[in-house]
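> Fold the following and give me the result.
(chains A and B, ligands or ions: 2)
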Number of protein chains: 2
Amino acid sequence: MIEIIVIGYGNVGSHLIEVLLSNTSINLKQVYNRSIEKIEHLLSKCPITNSFDEILEADVYIIAVSDDEISTVSKALKIDNKLVVHTSGSVDMNILNSNRKGVFYPLQTFTKNKSIDFSNIPLCIEANNDSDLILLEKLASKISNNSFILDSCQRKKMHLAAVFVNNFANHLYHIGYTICEENTVPFEILHPLMEETLNKIKGIPPLDSQTGPAKRNDQKTITLQLGQLSEAQQKIYMSLTNSIINTYKNHG
Amino acid sequence: MIEIIVIGYGNVGSHLIEVLLSNTSINLKQVYNRSIEKIEHLLSKCPITNSFDEILEADVYIIAVSDDEISTVSKALKIDNKLVVHTSGSVDMNILNSNRKGVFYPLQTFTKNKSIDFSNIPLCIEANNDSDLILLEKLASKISNNSFILDSCQRKKMHLAAVFVNNFANHLYHIGYTICEENTVPFEILHPLMEETLNKIKGIPPLDSQTGPAKRNDQKTITLQLGQLSEAQQKIYMSLTNSIINTYKNHG
Ligand SMILES: NC(=O)c1ccc[n+]([C@@H]2O[C@H](COP(=O)([O-])OP(=O)(O)OC[C@H]3O[C@@H](n4cnc5c(N)ncnc54)[C@H](OP(=O)(O)O)[C@@H]3O)[C@@H](O)[C@H]2O)c1
Ligand SMILES: NC(=O)c1ccc[n+]([C@@H]2O[C@H](COP(=O)([O-])OP(=O)(O)OC[C@H]3O[C@@H](n4cnc5c(N)ncnc54)[C@H](OP(=O)(O)O)[C@@H]3O)[C@@H](O)[C@H]2O)c1
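Residues are numbered from 1 along each chain as shown, chains lettered A, B, ... in the order given. Ligands and ions are numbered 1, 2, ... in the order given. This is a model prediction of the structure:
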């Protein structure tokens, strides 16, 4: 049975702990959080602490704290000869202060109070030696059907891709929401379209599913639509429209 | 039983005809297409023609041809005292050359050979008199659970919103795809994230589900990420990042 200690009870830590606790082939040996009151409700399920001096022995230590604090926490942990991993998409593995280190990055967006099915989440793993990579693969396979071995460079690129398909897509949804609100149309009217947009690219590359005025280089519609937008929206509209026009110019 | 004639067998016409044929409480009386060979396979199911002189009598004529051709086709139809509608998001209702006119705009993205479930598609309807609006509502309710009465102005705004949540979102997916390809990571790794991004905004407004470096105004990460992008991608990144930063500056 793999013994795990999780450090941090934020968005990621809390969801990870939930799934680890529910798994009978994993022993969640301890949870650390700086603010102890946030984890007191876990006490009936596993040992908790807010002191690095009280950290127990385990096979894997998962540091799920803010990116900027991973290094500090890793130093404070003072663990050696055990595998220490962080959960960040953008932080280098080598920032960890342990001779056995790795990464366990869930490529998903977490919000503390919104439950999520872990079985589908892509887990991006990395380790500085083969046996630890196998250990992480084993751990990953217990909570998800979707693990990927990525090096730090690939992982950072996935984090960048996530900004486009998650953060930026969300802002486009926000613009859609605003347009609906301003015209007293319920936002739900756009949901089936958003769903189908996503559905399509599961079957064909997004390059082939592109439609709309930019794809057709339909300058009449583009000009008409620009006139209806705020300055910030115009900049977004133009940067995306120009990029689409150029993409299809090059692809014929 | 409502009698319908559909003019045009493109992306929209072909899907509309499929759903109308499958509905036992609608009589698809005839299908017109300029290129007759594209509709010959329908002959066993309903009368077809490529001549406006042969158009039969019906309750509703649905013109599903390219935006720029709606006016020409409407004039060629020479229908009066029957309801004539088009299916466009951006074309004014009054372009139609009939005393009874309306719009029957399916707010969805259609591709000819990709089948789609109509029951969920928002149908945006409009008519120049109340009894025809009721007729369109009746028709809409037979093929979808989702009809909305929108005037021409609201409809055009929804068409604009669709450019953001469909065309532009698809291009963001394309950028994600490209980053995966360049780093030999399968694109499927991003699917759960895209799904969750969409799932979240069904429960809370996109304004509340925004995350990421722009939302945090995290200039260190923004600079790092910009350095990894092509010029066109940088413009997209900056326009969206600036808009997100300003959105949350104003919303506190
Ligand atoms: N959120 C996501 O969607 C997501 C997705 C994938 C990966 N990640 C990565 O997962 C990691 C955690 O992110 P998160 O969103 O879960 O963060 P979060 O919700 O902001 O939680 C941060 C956690 O770090 C702790 N912490 C901060 N500074 C600390 C310090 N100096 N000493 C000890 N503990 C400290 C906090 O403790 P207190 O409770 O005491 O403040 C809290 O438990 C990050 O590396 C992030 O990049 C996040
Ligand atoms: N595609 C979508 O996702 C979508 C979604 C909602 C609304 N709409 C709207 O639905 C309408 C049709 O779009 P679509 O995508 O189905 O178009 P499409 O696939 O390009 O098909 C165009 C149709 O118009 C016919 N046509 C073109 N010029 C004509 C003319 N002068 N005389 C007679 N027929 C002519 C074509 O006949 P041939 O076969 O002979 O060329 C074809 O049947 C448009 O108003 C569009 O804005 C489209």
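
> Not counting sequence-adjacent ones, nearest residue to residue A:205?
residue B:177 (6.0 Å; CB to CB, 6 or more residues apart in numbering or on different chains). For the C-beta atoms, the positions are set from N, CA and C on the backbone; glycine is no exception.

> Can you give me the neighbour number for the one you found?
As a burial measure, the neighbour count of residue B:177 was computed by other CB atoms under 10 Å in any protein chain shown and equals 19.

> Check the one 3 residues further on too.
Counted with other CB under 10 Å, the neighbours of residue B:180 add up to 19.

> Ok, residue A:51 next?
Every residue meeting other CB under 10 Å relative to residue A:51 is counted, giving 10.

> Quick check: the gap between it and ligand 1.
For residue A:51, the distance to ligand 1 under the criterion CB to the nearest ligand atom, to the nearest Å works out to 11 Å.

> And for residue A:43?
Between residue A:43 and ligand 1 the computed distance is 16 Å (CB to the nearest ligand atom).

> Now do that residue, the pLDDT please.
Per-residue confidence (pLDDT) for residue A:43: 97.

> Same question for residue A:252.
57.

> Repeat that for residue A:237.
pLDDT for residue A:237: 98.

> hey, where'd the strands end up in chain A?
A:2-7, A:26-32, A:48-49, A:60-63, A:83-86, A:101-106, A:123-127, A:147-149 (DSSP state E).

> so does the longest helix along chain A get close to chain B?
The helix that spans the most residues within chain A, counting by DSSP state H, is helix A:231-251. Yes: taking CB under 8 Å from any CB of the partner chain as the criterion, helix A:231-251 and chain B are in contact, through A:232-233, A:235-240, A:242-244, A:246-247.

> which of those residues lies closest to residue B:5?
Distance to residue B:5, by CB to CB, is smallest for residue A:244 among the residues of helix A:231-251 next to chain B, at 35.7 Å.

> Report the residue ranges of every domain in chain A.
Following automatic domain parsing, one finds the domains of chain A at A:2-150, A:156-250.

> Export those as CSV, with columns for distance to residue B:165.
Formatted as CSV, the domains of chain A follow (distance: least, CB to CB, whole Å):
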stretch, distance to residue B:165
domain A:2-150, 18
domain A:156-250, 4
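
> Ligand 2 is nearest to which of these?
Taking CB to the nearest ligand atom as the measure, these were each checked against ligand 2, and domain A:156-250 came out nearest at 6.2 Å.

> how much distance is there from the closest one to the middle of the chain?
For domain A:156-250, the separation from the chain centroid amounts to 22 Å (computed by CA atoms, centre = their mean, to the nearest Å).

> what's the first-to-last distance across it?
Here the two ends of domain A:156-250 are set 27 Å apart, with distance taken as CA to CA, to the nearest Å.

> same thing with stretch A:218-233?
Counting by CA to CA, the terminal residues of stretch A:218-233 are separated by 19 Å.

> cool, and stretch A:88-100?
For stretch A:88-100, the end-to-end distance is 17 Å (CA to CA).

> again with stretch A:206-226
Taking CA to CA, the span from the opening residue of stretch A:206-226 to its closing residue is 24 Å.

> could you check whether it is close to chain B?
Yes: contact of stretch A:206-226 with chain B (CB under 8 Å from any CB) involves A:206, A:207, A:209, A:210, A:211, A:212, A:213, A:214, A:215, A:221, A:224, A:225.

> hmm, stretch A:70-80 in reach of ligand 1?
Yes: Stretch A:70-80 is in contact with ligand 1 by CB under 6 Å from any ligand atom, via A:72, A:73.

> then that stretch to PDB, C-alphas only?
As requested, the backbone C-alpha atoms of stretch A:70-80 are provided in PDB (Å, rounded to 0.1, in the frame of the first residue of the first chain):
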ATOM      1  CA  ILE A  70       7.100  25.300  -3.300                       C
ATOM      2  CA  SER A  71      10.800  25.900  -2.800                       C
ATOM      3  CA  THR A  72      10.400  27.300   0.700                       C
ATOM      4  CA  VAL A  73       8.100  24.400   1.700                       C
ATOM      5  CA  SER A  74      10.400  21.800   0.200                       C
ATOM      6  CA  LYS A  75      13.300  23.200   2.200                       C
ATOM      7  CA  ALA A  76      11.300  23.200   5.400                       C
ATOM      8  CA  LEU A  77      10.200  19.600   4.800                       C
ATOM      9  CA  LYS A  78      13.700  18.300   5.200                       C
ATOM     10  CA  ILE A  79      12.900  15.000   3.500                       C
ATOM     11  CA  ASP A  80      15.600  12.900   1.900                       C
END
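
> mind listing what's buried in it?
Of the residues in stretch A:70-80, those buried by neighbour count under the rule 16 or more other CB atoms under 10 Å in any protein chain shown are A:70, A:71, A:73, A:74, A:76, A:77, A:79.
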